[in-house]
Structures are given as structure tokens and as C-alpha cells.
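Asks: dropping the sequence and predicted coords here.
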Amino acid sequence: MLENDFFKEVNNFIFNLLKNELSPRVVYHNYNHTLRVVEAVNEIALAEKVSGEELEILLLAAWFHDTGFTKGAPNHEEESQKIAQKYLFEKGLGEEKIKKILSIIEATRVPQNPMSKLEKIICDADLFHLGTENFAKNANLLRSEWEQLCDKHLTEIEWLKENNRFFGEHAYFTNYAFNKLGTQKTSNWLKIQKDLRKSIAKEEEITQKNNLKKEEIKRKKAKDERPDRGIETMYRVTLRNHIKLSDIADTKANILLSVSAIILSIALSTLFPKLDKPDNYYLIYPTMLFLFISVVTMIFSILSTRPKVTSGTFTNEDVKNKKVNLLFFGNFHKMPLSDFQDGMTELMNDRDYLYKSLMNDLYFLGIVLDKKYRLLRIAYNIFMIGIIASVITFIVAFQLMRNAGV
């Protein structure tokens, strides 16, 4: 590297320019990067045996090649050329040299397409880090610069794909760079490909987990929104209550039947044998009323508990048209097992049909309960009024008998 006073001035100028005018968001294309490129240019140029004058031109191009970032990232090569031309012209550098320097700066534009030997050297120097162990560190700085300066945000997979593409398209132009950096560059590229495969696999795993999670949430939401459990609970509780009410009605009817039967037995065994005597003629009407009330009460009690069984058959058309309730035994007790199984399968596969059958079952249970309790109420009223009437009749009969005896 040339260490004369002119290059020291250039170094100081570039340092102060980048220090004072470069945005803090430019974390990669800063003075440190410029210094690395200058050192890489010097290393490659010496290995490629360039002349002293050519080395001077190369180093000046290296110092100025990224100064345009002080004006912004877009078209920074043009801005770098303007800054270099102005400074070097003021320093009295020859026009021909300045022209070569500007051409070399232009060659660093990506995608690189250098023509001359000097352009190839600076291009290799500018991307020298691709073949070094510090590649990952420099790449992260470049990614951060893209995000802050260019608002270019890439996912991990997108970033690795971009690096993989760039490595696949890049090639060192000088023999020195190719020999020195090729092995490490290949190693860096293989690591990028490995990281890319891992990231893709991880992304697919995360996506799959998220999809499963979304499906699970969707299923839970759909399950929560469906009132199936509440409906089933409603049917279960309501049907149980109806069955309990039916049991209560049957129990009450049995009690009334038992009492009426006992009263009838007592009347037949105690009162009837006495009615054939002339002295007991006054007991005929009270006894007949008493027996009539007991018989009528028993009739209504029996009616309230008497079962009603339907035909016990149905057709496939009835099932298809949803006209039969398969949940009631009276509709299928005479059917073959295979027909009943087919009908139940159809019922279980049709949610609306199933709920409609439960509705029908509930409705007709209510109809049966209404009939039971209506007949039972009539039976109890007859029994209550009849007992009272019978007692009054017996009292009146005894009073008439007493008056007649007097």
C-alpha cells in the first residue's frame, strides 16, 4: 500500500467525509469496509504484479468507491464518481488518470461486469469477504443496513435464498482471489445451503403446527358455537322429567285402584249380605252409590295407565321421508332386525332427523302425560266427591231409618 503524503491526505479526507456525512444507518458500507477493500486491492494487485502507476489508480478508486453512500444508497456509484472527480481534480491529478479511476469505480456496480484487469481486481477486493471466515459477520451487517437504509426487510429464508443466489452467480475474476478465497467461499456457500434447508424445514414444521393449531381452534370454536351438548342435556333432562311424571301418575293410579278395590271388597263382603233383610232396605241406595263410585274410579284409573301400542312396522320410504320415530319401541317392535338397523343407521347419519325424532318423542310423551293426568284428575275427583256423597247418603239413610222407627 502506498504510504506517501498524498495517500495520507486521501485517507484523512475519506475518514472525515464518512465520519461527518455518512448516516449512522450505514453499518456496512462505512470506513471499515472501505479500509478492507483498500487492503484487499493492495494484496491482490501485488500478487497480480500490477505496475506502480496502476496500483495508485486502483487504490484511489478503492478509497472513493463507496463515498457516494453519503448521498444515499441509490446510484451511489455515480455519487462516488462525482466526489472522486471533484477531489482529485482539485488535487491536480491528470484527466486521464481520473477517467480510469471513475471507470474502475463504475465496475463495482452489482451485477459486476469488469472488463480490464484493474476493474477485475477491485471487483474481487469489494467482495473479498465472500471467501473469508468473517463472511457471516459482514453479511449480517449488510442485512441490517438494507433494513435501516433501504427499508428492505427479508425473512430468514428470503435472506438465505438471496445469499444462495448471489453465491451461485458470483465468481472471482483474478487468479489470486480464485485460488486464495475459493475454498472458504465454497465452505461459506455450503453453510448457507445447509442453513437454508434447516430454515425451510423449521418453517414448514412451524407452518404445520400453526395449521394444526388453527384447525384445532376452529374445531373448538365450531364445537363451542354448536349447541349440541346443551341440546343433548336439554333432551336428557326433559325426557327424564317426563318419565318421572309418568311414573308418578302410574303410582297415583295404582294407589287409587288399590283403595277402590279394597273398598269394593269390603262392601261386597260386608254390606251386600245384609241387603236381603227388610230392615236394611235403607242401605240399598247408599251401598249402590258407594259401589258405583268405586267402580267408576277404578275405570278411570285403569284408563290412565292403559298402554297404547302402535302397529310396530315402518317402511324404508317412511325412514327416507322422516315420517317415523325410531326411538319409540311401538314403531319397530314387529320389524326385522336388519330393517331396524338400516333405519337406525340412517337416523344416526342425519343430525336433523335425529333431533326431529327426539322432538317427536318428547312431544308425544307430553301428549301421553296430558291424557294420564287428565284421567287421573277425573278419577280422584270422582273418588273424592263420591266418598263424600256416599257418606252423606249413609247418614241420611240412617236418619230416615231412625225417624221411621220413632
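Replies: Cool, the structure landed. Because the structure is a prediction, the values reported are computed rather than measured. Numbering: from 1, shown residues only.
Asks: what mean pLDDT does whichever strand or helix holds Phe398 get?
Replies: In this assignment (DSSP states H and E), Phe398 forms part of helix 351-405. Here helix 351-405 scores 80 as its mean pLDDT.
Asks: show me what that helix is packed against.
Replies: If you count contacts as 3 or more Cβ pairs under 8 Å, 6 or more residues apart in numbering; DSSP states H and E, helix 351-405 packs onto helix 228-266, helix 284-305, helix 337-349. No exception for glycine: its C-beta is placed from N, CA and C like everyone else's.
Asks: can you pull the contacts of the closest residue to Ala249 other than its chain neighbours?
Replies: In space, and not counting its chain neighbours, Ala249 is closest to Lys372: 4.2 Å by Cβ to Cβ, 6 or more residues apart in numbering. Contact analysis of Lys372 by Cβ atoms under 8 Å, 6 or more residues apart in numbering lists 246, 249-250, 253, 304-305.
Asks: ok, Leu365 next?
Replies: 239, 242-243, 246.
Asks: from those residues, which is closest to Asp66?
Replies: Each of those was scored against Asp66 by Cβ to Cβ, and Leu239 proved nearest at 84.1 Å.
Asks: ramachandran coordinates for Lys91?
Replies: Per-residue torsions, Lys91: phi -80, psi 0 (degrees, to the nearest 10).
Asks: where's it relative to Phe13, distance?
Replies: 9 Å (Cβ to Cβ, to the nearest Å).
Asks: so between these two, which is more surrounded?
Replies: Of the pair Lys91 and Phe13, Phe13 is the one with more neighbours under other Cβ atoms under 10 Å, namely 16 against 13.
Asks: any buried residues in the helix or strand where the more buried one lies, and which?
Replies: Taking DSSP H and E as the criterion, Phe13 maps to helix 5-21. Neighbour-count burial for helix 5-21, with 16 or more other Cβ atoms under 10 Å as criterion, is recorded at 7, 10-11, 13-14, 17-18.
Asks: thinking again about what came up before, neighbour count added to the contacts of Lys372, as TSV?
Replies: Output for those, formatted as TSV (neighbours: other Cβ atoms under 10 Å):
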residue	neighbour count
Ser246	16
Ala249	20
Asp250	15
Ala253	23
Ser304	22
Thr305	18
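Asks: show me which of those residues is closest to Lys213.
Replies: Using Cβ to Cβ, these come closest to Lys213 at Ser246, 48.6 Å.
Asks: now that closest one: closest residue in space, sequence neighbours ignored.
Replies: Leu369 (6.0 Å).
Asks: swap in Tyr176?
Replies: Excluding the flanking residues, the one nearest Tyr176 by Cβ to Cβ, 6+ apart is Ala47, at 3.9 Å.
Asks: so the one you found sits against Phe178, correct?
Replies: No: between Ala47 and Phe178 there is no contact under Cβ atoms under 8 Å: 11.2 Å.
Asks: need the residue closest to the centroid of this structure.
Replies: The residue lying closest to the centre of the chain (Cα atoms, centre = their mean) is Lys214, at 2.1 Å.
Asks: sec struct for that residue, please.
Replies: The local conformation at Lys214, judged by DSSP: H, G, I helix; E, B strand; the rest coil, is helix.
Asks: same check, this time on Tyr87
Replies: Secondary structure, three-state DSSP: Tyr87 is helix.
Asks: in the protein, what helix or strand scores lowest on average pLDDT?
Replies: Lowest on mean pLDDT, DSSP states H and E among the helices and strands of the chain sits helix 316-320, with a mean of 60.
Asks: where does this protein dip in pLDDT?
Replies: Applying pLDDT under 70 to the chain flags residues 1-2, 221-229, 271-283, 308-335, 339-340, 342-343, 347, 404-406.
Asks: try 80
Replies: Residue ranges of the chain with pLDDT under 80: 1-3, 218-236, 238-239, 242, 264, 266-288, 290, 305-365, 397-406.
Asks: how is it partitioned into domains?
Replies: Recorded structural domains for the chain (assignment: automatic domain parsing) are 1-126, 132-171+187-226, 228-405.
Asks: hey, which of the ones you listed is tucked in deepest?
Replies: Highest mean neighbour count of the domains of the chain: domain 1-126, a mean of 18 (counted as mean count of other Cβ atoms under 10 Å).
Asks: no further questions, thank you.
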